[in-house]
Each structure stands twice: as C-alpha cells, then as structure tokens.
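Visitor: Just a sequence and a predicted model for now, questions to come.
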Amino acid sequence: MCIAAFVWLSHPLYALILLQNRDEYHDRPTKPVGWWEESEILGGRDEVAGGTWLACSRGGRVAFLTSVLELHTLPEARSRGDLPVLFLEGTKSPKEFAEELVKEAHQYNGFNLIVADLHSNTMMYISNRPKGDAVTVQEVSPGIHVLSNAKLDSPWHKAKRLQQNFEELLRKCRNDELPVKEMVEKLMRDTVKADKSTLPRICSADWELNLSSIYVEVDTPLGRYGTRSTALLTVKANGEVSFYEKYLEEGMWKEKDVKYYMKQLKSSVVSP
Ligand SMILES: *[C@@H]1O[C@H](CO)[C@@H](O)[C@H](O)[C@H]1NC(C)=O
C-alpha cells in the first residue's frame with residue numbers, strides 16, 4: 001500500500017523533504033536503495049517487475065508512487081512500478097509527462113504518482129482513480145502533503161495523523177538539522193490503528209483495519225505483509241541530496257544512506 005508525507009518548496013533549507021513507508025509482502029525480492037547499474041537512477045528496486053516505488057535521478061528528478069486501495073485488481077495490468085522509471089529516464093517536464101500518461105493511465109491498476117523536477121521546481125500529481133472518472137492531473141502546490149491510498153491529501157486516519165506529527169516535528173526543528181532517527185523511528189513506525197467507524201469500506205473491515213496504521217504488519221495466508229522499508233529523502237536548494245533507507249532484509253532491519261549532488265542543468269550544456 002505505502003504512505004508518503006512531504007514538504008515541497010516551503011522549508012527554509014530544503015526544496016523537498018519526503019518520508020515514505022513501502023508496504024509489501026516481506027518475501028517479495030527487493031533491492032535496497034542504491035544506484036541502478038544501467039542508468040542514473042538512485043532508489044530501491046522491486047526485483048519481480050523491475051520497477052520502483054521511490055527514486056531520484058542524478059539529473060534532478062524525483063518520482064514516487066502509492067497504490068490505490070481497491071477490491072479488484074487486474075493481474076494482466078502493466079506494472080505501476082514502471083511509472084517512476086519512465087519519468088526519471090525521460091526528458092519530459094513533469095507536466096508533459098503527466099499529460100502523456102493520461103492516454104495510457106487505464107492500462108494500470110489504481111495508482112497515485114508524483115513526479116517532480118528540481119530545476120524548474122515543478123511537481124505534478126497523477127491518478128487514474130476513481131475508475132470511470134477522468135484521470136487526475138494536478139500541479140502540487142508548495143506546502144505539506146500526504147499521500148496514502150486514496151487521492152492526494154485525502155483525510156484518512158493515517159494520513160491526518162502523519163501530517164499532524166510531521167508538522168509538529170518541523171515546527172520544533174525549524175532551522176536545525178532534521179532529526180532523522182526521530183522521523184524514521186517515531187513518525188513512520190506508528191502502529192496506532194484507525195477507529196473502525198472511519199474506515200473507507202472498500203475491502204473487508206478486518207483487512208482495512210490492519211492497513212489503517214502508518215506502520216503496517218499483517219499475517220496473511222500468502223505470508224507476512226507490511227512495512228518493509230522507510231525512506232527519508234531530502235533535497236536542499238543547492239542540489240544536495242540525502243537518501244536514507246531503513247529496510248528489512250532476511251528478517252533483519254538494515255540501514256543505508258546515499259548522498260550526492262543533483263547535476264546543475266546549466267553546467268551540463270556542452271559548448272560545441
Ligand atoms: C489482520 O491482522 C491479524 C493479525 O496479524 C490477522 O490475524 C488477521 O488475519 C488479519 N486479517 C486480514 C483480513 O488480513
């Protein structure tokens with residue numbers, strides 16, 4: 001399922017601060033954050049379909065994804081994890097990419113996709129749900145946003161809770177260094193579930209209750225499912241990127257932290 005909370009263009013030090021939990025079956029083969037061999041992409045990688053839920057590029061792009069909670073999904077649909085990769089590897093602006101995706105959006109199961117370019121400081125939100133509605137294409141405004149498994153900023157229990165806690169933490173450390181440990185361990189490992197009466201009632205109440213906390217852990221007939229990765233991605237105005245991930249590997253929690261500078265677009269122009 002996944003949940004992401006982010007601050008876009010409204011922090012004195014950071015262009016982007018993004019926290020994201022990835023929920024998946026624990027035994028689904030996955031690579032933790034790292035540079036991809038054949039491209040200039042940094043992120044975790046789903047080894048089954050080859051895509052990702054969150055990644056950024058050397059050139060200054062960021063893309064992340066959550067799925068939309070729905071009762072029926074199509075096994076033959078195209079893999080949603082390809083969407084961030086298509087954006088990161090391409091040269092289209094977020095707006096152009098979003099507008100082109102509209103034509104193909106029906107080929108995927110329900111998704112919420114955010115694509116951003118840190119040079120032009122534009123961020124777009126695209127979603128192909130609810131089914132039957134026109135595809136949503138929306139420029140993301142500066143400020144704090146939360147993306148769970150419904151439309152951007154839908155007031156689901158876990159989204160509201162994460163937004164409140166995130167805002168409070170940012171108020172406390174306005175110009176200081178971000179308390180990475182506190183953000184990852186406290187904000188993203190929160191297991192408080194929703195009140196039953198507030199569940200969206202799309203799937204069974206028992207399943208929805210199990211998914212209603214920020215940090216998810218469920219035993220299912222198909223094996224253990226839940227949060228197996230927490231990422232904190234920050235981009236400063238000067239292009240300095242820090243990608244921290246705490247992830248589960250063979251039953252053990254491990255950490256990785258990768259830092260780099262996004263390329264300056266102007267200096268990459270080669271004179272003839
Ligand atoms: C909800 O979680 C509990 C505890 O992990 C589990 O026993 C139960 O089967 C789960 N229900 C569903 C529908 O996943």
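Guide: Here it is on my side, so go on.

Visitor: Using the three-state scheme, assign Arg171.
Guide: Judged by DSSP: H, G, I helix; E, B strand; the rest coil, the three-state class of Arg171 is helix.

Visitor: Could you do Lys181 as well?
Guide: helix.

Visitor: tell me the contacts of Lys131?
Guide: Residues in contact with Lys131, defined by CB atoms under 8 Å, 6 or more residues apart in numbering, are 70, 110. Where you see a C-beta, it was placed from the backbone N, CA and C, and this is true even at glycine.

Visitor: Around the ligand, which positions in this protein sit nearby?
Guide: Within reach of the ligand by CB under 6 Å from any ligand atom, the chain has these residues: 204, 206-207, 210, 218-220.

Visitor: Show me which of those residues are buried.
Guide: Those of those that meet the buried threshold are Asn210, by 16 or more other CB atoms under 10 Å.

Visitor: List the ones among the residues of the chain next to the ligand that fall in strands.
Guide: Using DSSP state E, the members of those that fall within strands are 218-220.

Visitor: any chance of those residues in JSON lines, plus pLDDT?
Guide: As requested, these are exported to JSON lines (pLDDT from 0 to 100):
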{"residue": "Val218", "pLDDT": "96"}
{"residue": "Asp219", "pLDDT": "96"}
{"residue": "Thr220", "pLDDT": "95"}
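
Visitor: which one among those gets closest to Pro94?
Guide: Val218 (34.1 Å; CB to CB).

Visitor: How about that closest one, nearest residue that isn't a chain neighbour?
Guide: By the measure of CB to CB, 6 or more residues apart in numbering, the closest residue to Val218 outside its immediate chain neighbours is Asn210, 4.4 Å from it.

Visitor: Same question for Pro12.
Guide: Asn175 is the one closest to Pro12 (CB to CB, 6+ apart), at 6.0 Å.

Visitor: Any chance of the backbone angles for that neighbour?
Guide: Listed backbone geometry of Asn175 is phi -110, psi 10, with angles given as degrees, to the nearest 10.

Visitor: Can you tell me the number of residues neighbouring it?
Guide: Burial measure for Asn175: 7 neighbouring residues, criterion other CB atoms under 10 Å.

Visitor: doesn't Leu13 make contact with it?
Guide: Yes. Taking contact to mean CB atoms under 8 Å, the distance of 6.9 Å between Asn175 and Leu13 places them in contact.

Visitor: Tell me which residues touch the residue most central in space within the chain, please.
Guide: The residue at the geometric middle of the chain, judged as the C-alpha nearest the mean C-alpha position with CA atoms, centre = their mean, is Phe64 (3.9 Å). Applying CB under 8 Å, 6+ apart, we find Phe64 in contact with 4, 18, 20, 53-55, 84, 113-114, 147.
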